[in-house]
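Asker: Got a predicted model here, sequence first, then my questions.
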Amino acid sequence: MRIGTSIGLIAIGLILALAVRVDLGGLDLQLIGWILAVVGIVGLVASLLIARQSRPVITRDEVHPPHVHDHRY
C-alpha cells in the first residue's frame, strides 16, 4: 500500500466514522469507517518504514587525491 492510498483510506474512514449519519439497516458505517482508518494508519506506517529501508546508502571507502593537471606556462 502506498502513502497516498493510506492517507486516502484514513480520510475516507474518518469521514465515515465521524461525519456520516446514515442508517443502512444492518450496515454499520461508523464501524466500517474506523476499520478503514486503522487499516490506513497501519498501511501508512508500513509504507514509511519500507520507504526508509529501501534507500541505498553510499559510502566511500577510499579517499582519492584530486586530479592534478600539469600546467606549463
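Answerer: That came in fine, so what should we check first?

Asker: so how far is L18 from L9?
Answerer: 15 Å (C-beta to C-beta, to the nearest Å). Just so you know, the C-beta spots here come from the backbone N, C-alpha and C atoms, and that holds for glycine as well.

Asker: which residues touch G40?
Answerer: Counting by C-beta atoms under 8 Å, 6 or more residues apart in numbering, G40 makes contact with 5-11, 13.

Asker: Without its sequence neighbours, what residue ends up closest to it?
Answerer: Leaving aside its chain neighbours, G40 sits nearest to L9 (3.2 Å; criterion: C-beta to C-beta, 6 or more residues apart in numbering).

Asker: residues contacting T5?
Answerer: 40, 43.

Asker: thinking again about what came up before, among L9 and L18, which residue is more densely surrounded?
Answerer: Legend: neighbour count by other C-beta atoms under 10 Å for L9 and L18, higher for L9 (21 against 12).

Asker: Looks like the more buried one contacts L36 (just checking).
Answerer: Yes: when contacts are counted by C-beta atoms under 8 Å, L9 is listed as touching L36 (5.1 Å).

Asker: now R21: how far from S6?
Answerer: Relative to S6, and taking C-beta to C-beta, R21 is found at 26 Å.

Asker: Could you tell me how many residues sit around I3?
Answerer: Residues lying near I3 (other C-beta under 10 Å) number 14.

Asker: so what's it scoring on pLDDT?
Answerer: I3 is assigned a predicted lDDT (pLDDT) of 89.

Asker: what's the answer for R21, then?
Answerer: pLDDT, read off for R21, is 85.

Asker: repeat for R55
Answerer: 65.

Asker: One more: the one 3 residues further on?
Answerer: At I58, the pLDDT value in this model is 75.

Asker: Can you give me the buried ones in the longest helix seen in the chain?
Answerer: In the chain, taking DSSP state H as the definition, the longest helix is helix 29-53. Across helix 29-53, burial judged by 16 or more other C-beta atoms under 10 Å covers 29, 32-34, 36-37, 40, 43-44, 47.
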